[in-house]
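**Q** Based on what follows, work out the 3D shape:
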Amino acid sequence: MTTTNTPIKTHEREIFMDALRGFAILGIFIANLGFLSHYQGSDKAGAWLLSGSDDTMSFFHHWLIEGKFYSIFSLLFGWGIALQVKRGLDKGVDALPTVKRRLLFMLLLGALHLLIWIGDIVFFYALLGFILLPFRKFSNKTLLITAVILILSPIVLYWLKMTFPVLNYPAELLNQTGDQLGEKLNRINSQATYIDFMQHGSWFDHLKNNISGFFYRYGYLFFVSRIPKVLGMFLIGYVIGRSDFYKNLVQNKKVVYWIIGLGLLIGLPANYQLAYYMSNFEDDYFGLKINGWYETIAYALGVVPLALAYVGLLMLSFQTTIGNKILLLISPVGKMAFSNYLMHSLIGNFVFLGAGLGYMGQVGPVYLTLFAILVFVFQIILSTIWLHYFQYGPIEWVWRSLTYNKRQPFRVNSNH
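**A** Presented below is the predicted three-dimensional model:
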């Protein structure tokens, strides 16, 4: 196989980004299923619960999946915005008004998704997208240094919250607001009433409950310092997009090898430690204890290097014949990432909540992982068929039409 020094074509880059997005969507779904299914690590016996194997699989999730895939998704978000800004500059137009409209409607669609499932990241990403935009004025070097500081900052932030508990007040206030709303809207005032509600509440009850869930979600995001983590990855992605790093992959191969090597060398042992603390000291983490700080250090040092190693490995795989075929196969899922992400919430709610099939708390990580892969295979088939007839996923089409304030062409080979 010969490699030339010609830049990678725009179409190839878009397919790679879609494939990477599809890959990230699968990882995010596996990570989210623990929450969507309300699996609590119970020792209960059941057809879909395998106590020893479930613990092992849970450890592997913490080690190889936890945090890595939303980090890749964040990277792609920054990368995408950089390309939109760049495309505008190349055409001699200011892309900023369009990018802001896009973020505004992303915020709106994210708010609607929060009513379906409180674990939504779309609303959060849109909010942080507005914070990302002023950073575009800085040099790539400044952005990368800022990104490293942001990604490592939770170590200091957690220590400060341990030392000065008053600094955790925003998270506490959000959680208290969630408690008050939960009691007011659905009479939930304890863990027992919450479980009973999740098993017996109607779909409308769940919709109301997700209003209070919004406050719990943002209380959690504040507590785990998700803002600097995601913003840091946005900045790295922005640099990749702006610098044409991927377009000139042949020249940048040495850098990619370094990223993979260091990412695995640092990421695998650090994430192993993270998995150890997450499996054994989760109460300490939320109780602002010393083991929680150790967990934060392992997370800050390990998650991003391993996520970047995954991206590097996929970049190189995409250049090989077999890797290219596999990634081409999953790229339709990434092209309709928003629609597929929403589908995960709808499927999760239907399968696990009492208003649906009611498998809440009855399925462990082993079967949840198999379930995620089955759903993903279904989405590969569905997305491939869908994109044969339509140019965009349904949510993507709505989002695009709102952004440009004009009904966008929907069907393939049609302007209607």
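**Q** alpha carbons only for contacts and neighbour counts from here, please
**A** Will do.
**Q** Which SSE is immediately downstream of the helix or strand bottoming out on mean pLDDT in the chain?
**A** When the helices and strands of the chain are scored by mean pLDDT, DSSP states H and E, helix 191-200 comes last with a mean of 86. Using DSSP states H and E, the helix or strand that follows helix 191-200 in sequence is helix 203-223.
**Q** when you compare where that following helix runs with where helix 191-200 runs, what's the angle?
**A** Angle of helix 203-223 versus helix 191-200, following axes from the mean of the first three to the mean of the last three CA atoms, to 10 degrees, is 130 degrees.
**Q** can you give me the helices for the stretch 201-350 of the chain?
**A** 203-223, 226-242, 253-280, 282-286, 290-318, 321-335, 337-352 (DSSP state H, counting those that start in this stretch).
**Q** I'd like the ones you listed as TSV, with mean neighbour count and distance to Thr163 appended.
**A** What follows is the helices of the stretch 201-350 of the chain, written out as TSV (neighbours: other CA atoms under 10 Å; distance: least, CA to CA, whole Å):
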stretch	mean neighbour count	distance to Thr163
helix 203-223	20	14
helix 226-242	24	20
helix 253-280	19	20
helix 282-286	15	14
helix 290-318	22	11
helix 321-335	20	43
helix 337-352	20	38
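**Q** so can I have a markdown table of those showing mean pLDDT and distance to Trp117?
**A** What follows is the helices of the stretch 201-350 of the chain, written out as a markdown table (pLDDT from 0 to 100; distance: least, CA to CA, whole Å):
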| stretch | mean pLDDT | distance to Trp117 |
| --- | --- | --- |
| helix 203-223 | 93 | 7 |
| helix 226-242 | 97 | 18 |
| helix 253-280 | 97 | 24 |
| helix 282-286 | 95 | 22 |
| helix 290-318 | 97 | 25 |
| helix 321-335 | 96 | 20 |
| helix 337-352 | 97 | 6 |
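**Q** want to try a markdown table for those helices, with distance to Asn168 as columns?
**A** Output for the helices of the stretch 201-350 of the chain, formatted as a markdown table (distance: least, CA to CA, whole Å):
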| stretch | distance to Asn168 |
| --- | --- |
| helix 203-223 | 7 |
| helix 226-242 | 14 |
| helix 253-280 | 20 |
| helix 282-286 | 11 |
| helix 290-318 | 14 |
| helix 321-335 | 36 |
| helix 337-352 | 29 |
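**Q** Those helices: which one's closest to Ser139?
**A** Nearest to Ser139, of all these, is helix 226-242, at 8.8 Å by CA to CA.
**Q** May I ask which helix or strand encompasses Leu382?
**A** Taking DSSP H and E as the definition, Leu382 sits inside helix 365-389.
**Q** Please report the distance of the nearest residue to Ile15 once chain neighbours are set aside from Ala31.
**A** Leaving out its chain neighbours, the residue that sits closest to Ile15 by CA to CA, 6 or more residues apart in numbering is Ser331, at 6.2 Å. The spacing between Ser331 and Ala31, counted by CA to CA, to the nearest Å, is 20 Å.
**Q** Gln251 now?
**A** For Gln251, the distance to Ala31 - CA to CA - is 35 Å.
**Q** same thing with Ile116?
**A** The spacing between Ile116 and Ala31, counted by CA to CA, is 18 Å.
**Q** who has more neighbours, the two?
**A** Between Ile116 and Ala31, Ala31 has the larger neighbour count (other CA atoms under 10 Å), namely 24 against 21.
**Q** What are the phi and psi values at the more buried one?
**A** Backbone torsions of Ala31, given as degrees, to the nearest 10, read phi -60, psi -40.
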